[in-house]
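> model the structure of this input:
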Amino acid sequence: MTSSTRPAFGPPRPPAPPRTVYDETSRGIRQGPLQISSMATLSNLVGYLENPSPGTDGSFLICIAGGSGVFISEALYNSIPAAQRPDLNTGDAGKIVNTLMDGSIVALGSTLLPFVLTAASGDKIRLVLYSFVVPNFRMAYGYRLQVTS
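Next comes the predicted model:
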């Protein structure tokens, strides 16, 4: 072999999928009051959708702030191609998300959102978070995944 991704003969191997470091798919979901207790609107991280739309790199901004819950914009959710888009759990539709900046926002539902982060070393890691989909989610730039503690 000449490298870890290119065999001596034949086409190059596809890169290995990112290692999943956290997945809420099989975890019990504890729901308290949903809230964003921060006025933060600037991103802390850049994430990448696992299945982006063709012609994009799938990047989106992440804002880690105070509160309770994980929230994504309806625009980010709808940007995932329909064939790969995770199901929307409409059983969570109508749940109220209290915010400092926008008052109350009504969730459209929830989903298990898979995405990838890239470490400074270049290593990629995959996370799957139970996320509430909300309309008209405000952020200074593009999409927002609000991860709160």
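> show me the shaky parts of the protein.
By pLDDT under 70, the low-scoring segments of the chain are 1-8, 30, 39-42, 138-149.
> go again with 90.
Within the chain, the stretches with pLDDT under 90 are 1-47, 50-71, 73, 75-76, 79, 98-103, 105, 118-123, 136-149.
> can you give me the strands for it?
19-23, 34-36, 45-49, 59-65, 67-73, 96-99, 104-106, 109-118, 124-134, 144-148 (DSSP state E).
> among the ones you listed, which comes closest to N89?
Nearest to N89 among those is strand 109-118; the distance by Cβ to Cβ comes to 4.7 Å. The way it works is simple: take the backbone N, C-alpha and C, and place the C-beta from them, glycine included.
> what's the closest one packed up against?
strand 45-49, strand 67-73, strand 124-134 (3 or more Cβ pairs under 8 Å, 6 or more residues apart in numbering; DSSP states H and E).
> nearest to S104, of these?
Counting by Cβ to Cβ, and looking across all of those, nearest comes strand 124-134 at 10.5 Å.
> partner strands of that closest one and their direction?
Take DSSP bridges as the rule and strand 124-134 pairs in its sheet with strand 19-23 (parallel), strand 67-73 (parallel), strand 109-118 (antiparallel).
> tabulate the ones you listed (CSV), appending mean neighbour count and distance to K124.
Shown next, in CSV, are these (neighbours: other Cβ atoms under 10 Å; distance: least, Cβ to Cβ, whole Å):
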stretch, mean neighbour count, distance to K124
strand 19-23, 11, 8
strand 67-73, 21, 20
strand 109-118, 19, 5
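> export those strands to JSON lines and tack on distance to S131?
Shown next, in JSON lines, are these (distance: least, Cβ to Cβ, whole Å):
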{"stretch": "strand 19-23", "distance to S131": "13"}
{"stretch": "strand 67-73", "distance to S131": "4"}
{"stretch": "strand 109-118", "distance to S131": "4"}
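> which among the ones you listed is found nearest to G55?
With Cβ to Cβ as the criterion, G55 lies closest to strand 109-118 of the strands paired with strand 124-134, at 18.2 Å.
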